[in-house]
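Q: structure, please.
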Amino acid sequence: MMKRAFVALGSNLGNPQQQVAQAFVTLSQLPQTQLVKKSALYQTAPVDCVDSAPDFINAVAELATELSPQALLDALLAVEQEAGRVRPFVNAPRVLDCDLLLYEDSVMHTRHLTLPHPRMHARAFVLLPLFEIAPDILIPNHGKISSLMTPEMSAGIQKI
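A: Okay, here's the model as predicted:
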């Protein structure tokens, strides 16, 4: 049975717009998975990143998948690696970042996976593209996305 999942995409190295566009294609080719919706691209300043890091291109994808949450996470990590992602230090600039945000209404915390994504509710670069494609989504333990959105959130974020 297909499950609904949301994935945040981000890039600030190489050609970020191209990296995110290619990630949408790669997500659509994952086994037992369909790309249902994709947001527009958003240009955002780095958050929790080194001071000299370039701006990010961010987006969100909605997937329908038969993969389990852990299998989907493993597939996303493989997509990052295929794109050339390296992790020299925490919050380093990156060619591609794929974060599993939501998987149905699952709430879980394992050594490798926390759902919903633990910081998504406070990050405009996640909430704005997610709101674009799923304005009625409920984020477990945080409420409806519309209640998390504030006018100040879009400051400094440019829809491409």
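Q: does Lys38 really touch Ala61, like I thought?
A: Yes: counting by C-beta atoms under 8 Å, Lys38 does reach Ala61; the two are 5.0 Å apart. The way it works is simple: take the backbone N, C-alpha and C, and place the C-beta from them, glycine included.
Q: give me the distance from stretch 62-71 to the chain's centre.
A: Between the centre of stretch 62-71 and the centre of its chain there are 14 Å (C-alpha atoms, centre = their mean, to the nearest Å).
Q: helices along this protein, start to end?
A: Applying DSSP state H to the chain gives helices spanning 16-28, 69-83, 124-133, 145-148.
Q: how about the strands in this protein?
A: 3-11, 33-38, 42-44, 56-65, 97-103, 108-109, 114-115, 138-139, 143-144, 158-159 (DSSP state E).
Q: between these, which gets nearest to Ala122?
A: strand 138-139 (10.8 Å; C-beta to C-beta).
Q: can you pull the contacts of Gln22?
A: Ala83 (C-beta atoms under 8 Å, 6 or more residues apart in numbering).
Q: how far away is it from Cys98?
A: 12 Å (C-beta to C-beta, to the nearest Å).
Q: do Asn12 as well
A: For Asn12 relative to Cys98 (C-beta to C-beta), the value is 14 Å.
Q: which residues do those two both contact?
A: Residues touching both Asn12 and Cys98 (C-beta under 8 Å, 6+ apart): there are none.
Q: got any ranges where the protein has weak pLDDT?
A: 48-52, 85-93 (pLDDT under 70).
Q: shared neighbours, Lys38 and Ala61?
A: Phe24.
Q: how many neighbours does Ser39 have?
A: Using other C-beta atoms under 10 Å, Ser39 has 23 other residues around it.
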